[in-house]
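A.B. asks: Okay, structure incoming, though there's no sequence with it:
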């Protein structure tokens, strides 16, 4: 029989987990300086990483990759001590060895010890894909000088590579890790506080109150709930799992087929990461990489996300009409007034967050801390429908945050490793040039290749990890080709997220399938159908600045209206229903009309002609179908 972990170890892991967000709070509030400590950012990041490694080896089993159920074996105690000790050494000595002209034996030993510990920590928490990627780049770093043609990089020795990756501030201890231990931790803490104080229940009930009375309301509830919960969740899988346990059974009872119910939830859960203001924490990373205000990122991402959710709404509505799926039973729909009265306090933390970031111009993590305090206080004082937090529950919020960031905390230094390899070998520059060369001057071909690479690299990774990796690897190629930097970063962000619903490693779809009791692959392919707009939208906003709010208001309005109409026409073709069930040739006609409507104004010399033709064909098809339905004639 498997034994439970000993009580002292259990208490220790909870304390260590709580230390991770507490460290962020101390950094954000400048407590370290106030007590007389001048700490390098890299030293702070190394200390937090040390706590993270200590927690991983004490809390996560090497065999199962899950929370430990048995006492900690001796080898994990050794690994935990090594991880904490080497990171503490790096933290204390970083100011000296990061600028040293020679490689100290102690510093070099620390570097060689740290790398395998990081790889094992990532394997236990985030899985093999990111580890395989990191090992592949270590090999590339040592063999870059053997690359053919334009890909040839510098010849770097093993000692120089390992030393650079550990001690250079642009590698393991660079931007990805620093953003994670500050901004990412702050927003996951905020999400945990909001969830524990009843926020997730409020969002779900509000979605039912708003959408339950409409045709196919069960699926629309799933979409709204996922979009709302996505504002506080940094993970597609967490988004799907938290709302899906309620919405997927609801959809199945209403008549949605199991794999369809799972697909709708998977696509909605993925969309929660694409929707501003938080975007799975990636909005802040994009702002950091591009050195632009966070508000600029949120505004740029708004229209594509709105079109994505509009497409999903249209498809579930048509699906409901085709299969005669009715609304949520009246008895199951809570009055909106009662829901809002019970949960109005949930809006207060969001208000504080937005005011802090946009009006008071506070550092992002500090605004998140204030919002977290507001969420905890509102949960203690008001609660939601009788569910109140106790003051001691605040520690549980801290601990759950620490446990919740372990995978991202292990991924971030490996993403830094990738960046470090590209920098020290010069491959970052040559890779971008090679992609451009392979595209032979075609921006469209370059985007297609980048999209495929992004889906492959994003397989099995959480939102933040996907974006960090792709921002280092493929975004520079797009920018060097002349594509707008914001459009380039949003492009790779969208295509990285598509790995969550694209076989063979569609974690979002597979999670939904487990809840729905459906075939994982069938659910994944259905997810691709419902999420088809995410494959198309990135190409549209790259070639049409209007979809990123970078054109005259009139042009933006026209392009958005055309995009929504095109989405409706193509969705009709996918579902096979407009005002009635359609046969194959009519579906093809709708698809042709929709595709003709997609190209934004000016993208091609003949785009306006295609737009007009698509509009005319679409209107004619709809009017004809509506007339035939009124006459009671069959489709044909």
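C.D. replies: Sure thing, it's come through. This one's a predicted model, so the numbers in the text were calculated from it and none came from an experiment.
A.B. asks: tally of neighbours for the nearest residue to residue 503 once chain neighbours are set aside?
C.D. replies: Nearest non-adjacent residue to residue 503, counting by Cβ to Cβ, 6 or more residues apart in numbering: residue 524, 4.6 Å away. Glycine gets a C-beta too; all of them are placed from N, C-alpha and C. Residues near residue 524, counting by other Cβ atoms under 10 Å, number 26.
A.B. asks: my guess is residue 524 meets residue 498, correct?
C.D. replies: No - Residue 524 is beyond contact range of residue 498, at 11.3 Å (criterion: Cβ atoms under 8 Å).
A.B. asks: So the residue nearest to residue 503 versus residue 236, what's the distance?
C.D. replies: 13 Å (Cβ to Cβ, to the nearest Å).
A.B. asks: Please enumerate the strands of the stretch 351-500 of the chain.
C.D. replies: Taking DSSP state E, counting those that start in this stretch to define them, one finds no strands in the stretch 351-500 of the chain.
A.B. asks: Output the below-cut-off pLDDT ranges for it.
C.D. replies: 386, 432, 441, 458-463, 465 (pLDDT under 70).
A.B. asks: got it, and the stretch 51-200 of the chain?
C.D. replies: 64-70, 100-101, 200.
A.B. asks: Now residue 116: which helix or strand?
C.D. replies: helix 105-126 (DSSP states H and E).
A.B. asks: Over to residue 262?
C.D. replies: helix 258-274.
A.B. asks: mean confidence for that helix?
C.D. replies: Average pLDDT, helix 258-274: 87.
A.B. asks: Can you name every helix or strand that it contacts?
C.D. replies: Packing partners of helix 258-274 (3 or more Cβ pairs under 8 Å, 6 or more residues apart in numbering; DSSP states H and E): helix 217-230, helix 236-254, helix 294-322, helix 485-497, helix 507-516, helix 520-530, helix 533-543.
A.B. asks: Relative to residue 131, which of those helices is closest?
C.D. replies: Closest approach to residue 131 among the helices and strands packed on helix 258-274 is made by helix 507-516 (16.1 Å; Cβ to Cβ).
A.B. asks: Can you work out which other helices and strands pack against that closest one?
C.D. replies: helix 236-254, helix 258-274, helix 520-530.
A.B. asks: now the first one against helix 507-516, angle please.
C.D. replies: Meaning helix 236-254. 40 degrees (axes from the mean of the first three to the mean of the last three Cα atoms, to 10 degrees).
A.B. asks: before we move on, back to that, now the helices and strands packed on helix 258-274 as CSV including distance to residue 164?
C.D. replies: CSV is the format used below for the helices and strands packed on helix 258-274 (distance: least, Cβ to Cβ, whole Å):
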stretch, distance to residue 164
helix 217-230, 38
helix 236-254, 34
helix 294-322, 31
helix 485-497, 25
helix 507-516, 33
helix 520-530, 40
helix 533-543, 34
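A.B. asks: Of all the ones you listed, which one comes closest to residue 611?
C.D. replies: helix 533-543 (12.8 Å).
A.B. asks: and that closest one, what does it pack onto?
C.D. replies: helix 258-274, helix 294-322, helix 443-457, helix 485-497.
A.B. asks: any idea how the protein splits into domains?
C.D. replies: Using automatic domain parsing, the domain parsing of the chain gives 7-130, 553-636.
A.B. asks: Secondary structure of residue 279: a helix, I assume?
C.D. replies: No - counting by DSSP: H, G, I helix; E, B strand; the rest coil, one finds residue 279 to be coil, located in no helix.
A.B. asks: mind listing what it touches?
C.D. replies: 273, 286, 297-298, 301, 463, 493 (Cβ atoms under 8 Å, 6 or more residues apart in numbering).
A.B. asks: do the same with residue 21
C.D. replies: Per Cβ under 8 Å, 6+ apart, neighbours of residue 21: 185-186, 188-189, 398, 401-402.
A.B. asks: is it fair to say it lies in a helix?
C.D. replies: Yes - assigned with three-state DSSP, residue 21 falls within a helix.
A.B. asks: Can you give me the distance of it to residue 614?
C.D. replies: 51 Å.
A.B. asks: what does the strand or helix carrying residue 615 rub up against?
C.D. replies: Assigned by DSSP H and E, residue 615 belongs to helix 607-631. Applying Cβ under 8 Å, 6+ apart, the contact partners of helix 607-631 are 562, 565-566, 569, 578-580, 582, 586, 589-590, 592-602, 604, 635.
A.B. asks: And it, what's buried?
C.D. replies: 607, 610-611, 614-615, 617-618, 621-622, 625 (16 or more other Cβ atoms under 10 Å).
A.B. asks: Please work out the average pLDDT along that helix.
C.D. replies: 87.
A.B. asks: likewise stretch 26-42?
C.D. replies: Rounded mean pLDDT across stretch 26-42 is 86.
A.B. asks: Count the neighbours of residue 584 for me.
C.D. replies: 9.
A.B. asks: actually residue 32, sorry about that
C.D. replies: Neighbour tally, residue 32, other Cβ under 10 Å: 14.
A.B. asks: need the contact list for it.
C.D. replies: Contacts of residue 32 (Cβ under 8 Å, 6+ apart): 26, 39, 44.
A.B. asks: Now, those that are in helices?
C.D. replies: 26, 44 (DSSP state H).
A.B. asks: and which of the contacts of residue 32 is nearest to residue 159?
C.D. replies: residue 44 (26.6 Å).
A.B. asks: correct me, but the closest one touches residue 23?
C.D. replies: Yes - taking Cβ under 8 Å as the definition, residue 44 is a contact partner of residue 23 at 7.5 Å.
A.B. asks: joint contacts of the two?
C.D. replies: Contacts common to residue 44 and residue 23, judged by Cβ under 8 Å, 6+ apart, are residue 181.
A.B. asks: returning to that earlier point: among the contacts of residue 32, which one is most surrounded by other residues?
C.D. replies: residue 44 (22 neighbours).
A.B. asks: Which parts of the stretch 351-500 of the chain are helices?
C.D. replies: Per DSSP state H, counting those that start in this stretch, the stretch 351-500 of the chain carries helices over the ranges 364-381, 393-404, 406-425, 427-438, 443-457, 463-473, 475-480, 485-497.
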